[in-house]
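J.: requesting a structural model of the entry that follows:
(one chain, ligands or ions: 1)
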Amino acid sequence: MERSISYITSTQLLPLHRRPNIAIIDVRDEERNYDGHIAGSLHYASGSFDDRISHLVQNVKDKDTLVFHCALSQVRGPTCARRLVNYLDEKKQDSGIKNIMILERGFNGWEAAGKPVCRCVDVPCKVQSPNLNMVCVMCLVPLFLIPLINLLPRIIDLLMAKVYALLGWEYRKPARVPPACPFKPVAKNDNATKVAAETGTEGTEAIAKPIVAEETGGVKHD
Ligand SMILES: [Zn+2]
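T.: This next block holds a predicted model:
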């Protein structure tokens, strides 16, 4: 099987790089330790690449696409990709690897293009699950705040009751009027409340009253 080496850009790779059929092979040497890496990428340093090439083939036996990169993908990345092609050609074994690619501009280009960089120290990088890691945990914080915000009126009531109790006063919860429908004219609402008040309705019933008054035609325009 004739294998050729093609190039892929960081923008093309980004949506694909966590697919289970793709392996990213980082052949940088010690820079990986302090520059970070593409999440989930495998590290096969160029210095020891030949010694570990059979290990690599074994490691990626369920992948059909390998994307090589070094810092710039100028020398080490393409060289290691070529060595793998030669190795596979010599062995003539069916490895399942169909595409061998090189990441254009390497890791430095990836990082410069603002693509995500993993800085974990796990060997190998264990970031594999695509969905969980696509969402930043901090972005989820507002979600957790929603129930808290809903509880806020109750919390304030509770606090106010405590403060009032400390001062020896009696605290009454303010009656919460449901928000008025924005499509109703304001004047009409006022009239309805007036009618309700005049008919002697008190407390929470007064809130329901305007609707009843309107339905029975009890409200008249000025
Ligand atoms: Zn990592």
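J.: going forward, measure contacts between C-alpha atoms and count neighbours the same way
T.: OK.
J.: please tell me I have it right and residue 39 contacts residue 118.
T.: Yes. Applying Cα atoms under 8 Å, one finds residue 39 in contact with residue 118, separated by 5.0 Å.
J.: so which of the two has more stuff around it?
T.: In terms of neighbours (other Cα atoms under 10 Å), residue 39 is the more surrounded of residue 39 and residue 118; the figures are 22 against 15.
J.: residues in contact with the more buried one?
T.: Contacts for residue 39 (Cα atoms under 8 Å, 6 or more residues apart in numbering) come out as 116-118, 125-128.
J.: near the ion, from these?
T.: With Cα under 5 Å from the ion as the criterion, the contacts of residue 39 include 118, 125 near the ion.
J.: which of the contacts of residue 39 lies closest to residue 49?
T.: Nearest to residue 49 out of the contacts of residue 39 is residue 125 (Cα to Cα; 18.0 Å).
J.: where do the helices sit along this structure?
T.: 10-13, 31-35, 49-59, 76-91, 106-112, 130-134, 141-167, 186-198, 205-215 (DSSP state H).
J.: what's the angle from the fourth one to helix 49-59?
T.: In this case it means helix 76-91. For helix 76-91 against helix 49-59, the angle by axes from the mean of the first three to the mean of the last three Cα atoms, to 10 degrees is 70 degrees.
J.: so which elements touch helix 76-91?
T.: helix 49-59, strand 65-69, strand 99-103 (3 or more Cα pairs under 8 Å, 6 or more residues apart in numbering; DSSP states H and E).
J.: any idea what the nearest residue to residue 23 once chain neighbours are set aside is bridged to?
T.: If you skip the residues right next to it in sequence, residue 23 has residue 66 as its closest partner in space, 4.9 Å away by Cα to Cα, 6 or more residues apart in numbering. Bridge pairing for residue 66 (DSSP bridges) gives the partners residue 23, residue 100.
J.: count of neighbours near residue 66?
T.: Quick note: residue 66 (other Cα under 10 Å) scores 22 neighbours.
J.: tell me the contacts of it?
T.: 22-25, 97, 99-101.
J.: please repeat the previous calculation with a cut-off of 7 Å.
T.: 22-25, 99-101 (Cα atoms under 7 Å, 6 or more residues apart in numbering).
J.: cool, residue 97 as well?
T.: Listed by Cα under 7 Å, 6+ apart, the contact partners of residue 97 are 63-65.
J.: quick check: residues of the protein near the ion?
T.: Contact residues, the chain versus the ion (Cα under 5 Å from the ion): 39, 118, 120, 125.
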